[in-house]
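**Student:** what shape does this take:
(one chain, ligands or ions: 1)
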Amino acid sequence: MNCRNILAVCLSLILIVFVTGCFLTDRRSTKIGVAMPTQTRQRWNQDGANIERKLLERGYSVELEFGNNEIDLQVSQIDKMIEDGCKVIIIGAVDANSLSEVLDKAKNNGIKIISYDRLIMNTDAIDYYATFDNLAVGTIQGEYIEDKLGLKVGRGPYNLEIIAGSLDDNNTIFFFEGAMEVLRPYIQSKQLVVQSRQVNLKQCAIPHWKEHIAKERMLNILNTYYIDKYLDVALCANDSVAIGVMGALEDKGYYDTDDEKVPIITGQDCDRKNMNMIINAEQTMSIFKDTRLLAEQVVKMVDAIVAGKEPETNDIGNYNNGVKFVPSFLVRPQFVDKDNYREVLIDSGYYNEAEFQNP
Ligand code: BGC
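**Tutor:** Numbering: from 1, shown residues only. Just a heads-up that it's a prediction; the model follows:
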């Protein structure tokens, strides 16, 4: 290499270091707000931590808050993020319908809003939506039941009860509809019998996804309709309501028998506590939503917004928040049960085998 070449290489290196430095400095002065709904459920802690870590790795400064499931608290946290000059705010809403006013303020300040996991309703102030395919969550739960019970080959009748999510969460409708599209025909053909006749979303909903409310509802149903009948399957929208349902079943002696037969219980989120119950054959399955992937996607959206580009989306006609169709990016979920949990959760590094009590 002659002197001129060496000089050219050195100059290029200096230029690269300079440009990268400017870029990172620019990002460091770019603040991103992350407002998650609560720390009481494992998944939101993971969501918050994953997003924060990935944003910091990319050089942004981050303001992360959890709303303790309280609407007013989350509104004040978002308000502070606006005052603190966040350029983009990522929001997992406590209540999908209560953010219009504070988001108008964000919009007037030129702040972009990404609705995270839960669609924020009735406002034109949200720009993008990053979520898991919520309809697919329900469809996978429904198909799992269809498959395990052999409904396609005409088996039945089996007794089913439905425990849905919270009505203030738009996802609840998608989870419910996804599952019911699969199961409804079997209810009509009487291969599935809902002894309580509670088959509408409003009848099946559990406010704030609370375990103890799910338990109370299930106990009522068991005490009223199952005195001399056996419950074969509980379609539970997520892991917290599944815990409530299993608590009720336990109180009624469902897990006391020596034979292996226990009801099919679905869930969602693959929380550690529920994974232990799946390994112990109390819960049957859960839906794995890889929060690492969703965090990655949402951070890519932030990068594009900050660079003045249009973020990548893969769904534009399914999520209407009452005011507009929100451009969305959907990540595909998958089921986990006793047979595949090692491959899906442990081999992928999401959990360590040692985290489970009885691997
Ligand atoms: C989420 C679920 C979660 C539920 C309760 C929903 O909006 O999509 O993953 O289980 O909220 O926190």
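
**Student:** what helix or strand is the spatially closest residue to Asn321 that is not a sequence neighbour on?
**Tutor:** Spatially, and ignoring its direct neighbours in sequence, Asn321 is nearest to Met121 (4.8 Å; C-beta to C-beta, 6 or more residues apart in numbering). Quick note: C-beta positions are derived from backbone N, CA and C, even for glycine. Using DSSP states H and E, Met121 sits in no helix or strand.

**Student:** now for Met121, how many residues are close by?
**Tutor:** Neighbourhood size, Met121 [other C-beta atoms under 10 Å]: 21.

**Student:** surely it and Lys324 touch.
**Tutor:** No - using C-beta atoms under 8 Å, Met121 makes no contact with Lys324, being 10.9 Å away.

**Student:** so how far is Leu160 from the closest residue to Lys215 other than its chain neighbours?
**Tutor:** Leaving aside its sequence neighbours, Lys215 sits nearest to Gly244 (C-beta to C-beta, 6+ apart; 3.7 Å). Separation of Gly244 from Leu160 (C-beta to C-beta, to the nearest Å): 17 Å.

**Student:** just the buried residues of stretch 120-140, please?
**Tutor:** Judged by neighbour count using 16 or more other C-beta atoms under 10 Å, the buried positions of stretch 120-140 are 120-121, 123, 125-140.

**Student:** my bad, should have said stretch 264-274
**Tutor:** Quick answer for stretch 264-274 (16+ other C-beta under 10 Å): 264-271, 274.

**Student:** so which of the residues you listed reach the ligand?
**Tutor:** When the buried residues of stretch 264-274 are filtered against the ligand using C-beta under 6 Å from any ligand atom, the residues retained are 268-269.

**Student:** would you convert the buried residues of stretch 264-274 into TSV that also reports secondary structure and pLDDT?
**Tutor:** Formatted as TSV, the buried residues of stretch 264-274 follow (DSSP: H, G, I helix; E, B strand; the rest coil; pLDDT from 0 to 100):
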residue	secondary structure	pLDDT
Ile264	strand	98
Ile265	strand	98
Thr266	coil	98
Gly267	coil	98
Gln268	coil	98
Asp269	coil	97
Cys270	coil	97
Asp271	coil	95
Asn274	helix	97
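
**Student:** which of the buried residues of stretch 264-274 sits closest to Arg155?
**Tutor:** Checking the buried residues of stretch 264-274 against Arg155 by C-beta to C-beta gives Ile264 as the nearest, at 12.8 Å.

**Student:** wait, the closest one sits on Gln283?
**Tutor:** No - with contacts counted by C-beta under 8 Å, Ile264 stays clear of Gln283, the gap being 9.2 Å.

**Student:** spit out the residues that contact those two alike.
**Tutor:** Here Ile264 and Gln283 share no contacting residue, scored by C-beta atoms under 8 Å, 6 or more residues apart in numbering.

**Student:** in this protein, which residue is most central in space?
**Tutor:** Centroid-nearest residue in the chain, with C-alpha atoms, centre = their mean: Asp117, separated by 5.6 Å.

**Student:** need the pLDDT of that residue.
**Tutor:** The model reports Asp117 with a pLDDT of 97.

**Student:** ok, Asp256 next?
**Tutor:** Looking at Asp256, its pLDDT stands at 87.

**Student:** ok, Cys3 next?
**Tutor:** Looking at Cys3, its pLDDT reads 64.

**Student:** contacts for stretch 52-64?
**Tutor:** Applying C-beta under 8 Å, 6+ apart, the set of residues contacting stretch 52-64 from outside is 23-24, 27-34, 36, 48, 51, 80-81, 84, 86, 295-296, 299, 302-303.

**Student:** buried ones in stretch 76-88?
**Tutor:** By 16+ other C-beta under 10 Å, the buried positions in stretch 76-88 come out as 77-78, 81-82, 86-88.

**Student:** name the residues that touch it?
**Tutor:** With C-beta under 8 Å, 6+ apart, stretch 76-88 has contacts from 30-33, 35, 63, 65, 67, 89, 91, 99, 102-103, 105-106, 109, 111-114, 302, 305-306.

**Student:** and what of stretch 283-292?
**Tutor:** With C-beta under 8 Å, 6+ apart as the contact definition, stretch 283-292 has outside contacts at 43, 46-47, 50, 132, 137, 140-141, 144, 148, 239, 242, 246, 264-271, 274-275, 277-278, 331, 333-337, 344-345, 348, 350.

**Student:** among these, which lie within helices?
**Tutor:** The members of the contacts of stretch 283-292 that map onto helices under DSSP state H are 43, 46-47, 50, 137, 140-141, 144, 148, 239, 242, 246, 274-275, 277-278.

**Student:** in those residues, find the pair that's most separated.
**Tutor:** Farthest apart among those by C-beta to C-beta are Asn50 and Lys148. That separation is 31.6 Å.
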